[in-house]
Structures are given as C-alpha cells and as structure tokens.
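1. please find the sequence and the predicted model below.
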Amino acid sequence: MSEQFQKQPFEIEINLPVRTYDIDFAGIVNNIVYIRWLEDMRLEMLALHFPLNEQIKNGIAPIIVQTRVDYKQAIRIPDTPCGRMWIKAIDSLRWTVNAVILVNGKVAALGEQTGIFVNLQNGKPIRVPKELREKYQEYDVSPLLSNGEILVAKAGKPADPSF
C-alpha cells in the first residue's frame, strides 16, 4: 500500500532525477545526493514562498545548522524519485523543514533540516523574519502537526511520531 500524505505548510513537490554520477560503487544513489536533493527542495520552497534573492537584497539569508536523513530504501538509476518538503516548525530563532523522498509511492528516505537566519554583513543570527513567521501562522496546523508529530500516515492509520 502506498503512503498517504496530508498537505503541510509551504509544501512543495518536485521530481528528483537520478544521474549517472549520483551512483556509488554499490550501484545505489550515494548518501550525499540526498543532501543535494534536500537543498533542491528547500530552494524550490523558498522560490515559491520567501524568495532567496529578496532575502539577500535585505542583507539576510537562511543557513542550515543541522541535517538528518533516515534512509529507508535504496534508490537506483532506473528509479524516478520525487521529493516533498514542508515547514515543520518556526519559532523566533529557528525553523525546521521535513522532507520525504518517494519512489513509486513508497518512502525511500525521510529528511529533516533545522536552520537559522543570519545577517549577511556580520554573520550573526537574527530572528526569523516576521513576514515568514506570519505566513506560517496563516496555515491551519493542528497542535500535533505544529509539533511535527504527524508527518506521514498510512491510509487509515496514524503516523509513527518517532521521526
């Protein structure tokens, strides 16, 4: 049975092409490629909801402080993965995004990244921009979702909150 997903705040979905140079000696997608895919998804989400070029014009930028990937199933060159990413949480200083990479509707990997915003002139952390916090608050997020507890659920079953 394939996984079922609820729409999440700022959610995007993109195809993630597997390139010949993505394959390692074991014939599977190398683990570093997943990090690149997370970056591709995050840049797409920013382009749609909080454009990076506007942030840079304003002298700020998001940076990643933590990345986690849980590999669930190997991806190989004939596979056609797609990725989904959304904002899990935003507070005054940090933001967290979650991602799922699917192959044929099945979870191949789960990702989570935490980041902050910095002032580009001095490199020091700043508060998450008010505009972004306000956009996030516009989403009707249940208490469990705002805590990131329900991310992926099988049809008719609650999600495993351990991620």
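-> Yep, that arrived.

2. elements contacting the longest strand seen in the chain?
-> Selection of the longest strand in the chain by residue count, based on DSSP state E, yields strand 106-119. The helices and strands touching strand 106-119, judged by 3 or more CB pairs under 8 Å, 6 or more residues apart in numbering; DSSP states H and E, are helix 31-49, strand 60-71, strand 94-103, strand 125-126. Bear in mind the C-beta positions are built from the backbone N, C-alpha and C, glycine included.

3. change it to 6 Å
-> Contacts defined by 3 or more CB pairs under 6 Å, 6 or more residues apart in numbering; DSSP states H and E place strand 106-119 against strand 60-71, strand 94-103, strand 125-126.

4. off-centre distance for it?
-> 4 Å (CA atoms, centre = their mean, to the nearest Å).

5. partners of it in the sheet?
-> strand 60-71 (antiparallel), strand 94-103 (antiparallel), strand 125-126 (antiparallel) (DSSP bridges).

6. give the buried residues for the longest one.
-> Read it as strand 60-71. Ile60, Ala61, Pro62, Val69 (16 or more other CB atoms under 10 Å).

7. in TSV: the strands paired with strand 106-119, plus mean pLDDT and distance to Lys7.
-> TSV is the format used below for the strands paired with strand 106-119 (pLDDT from 0 to 100; distance: least, CB to CB, whole Å):
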stretch	mean pLDDT	distance to Lys7
strand 60-71	98	22
strand 94-103	98	13
strand 125-126	98	29
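
8. show me what contacts Gln113?
-> Gln113 makes contact with Ile64, Thr67, Val97, according to CB atoms under 6 Å, 6 or more residues apart in numbering.

9. list the contacts of the nearest residue to Pro62 once chain neighbours are set aside.
-> Closest residue in space to Pro62, ignoring its immediate chain neighbours: Gly115 at 5.1 Å, by CB to CB, 6 or more residues apart in numbering. Contacts here follow CB under 6 Å, 6+ apart; on that basis Gly115 touches Pro62, Ile63, Ile64, Val65, Trp95.

10. name the element the residue nearest to Val29 when sequence neighbours are not counted belongs to?
-> If you skip the residues right next to it in sequence, Val29 has Ile75 as its closest partner in space, 4.2 Å away by CB to CB, 6+ apart. Counting by DSSP states H and E, no helix or strand carries Ile75.
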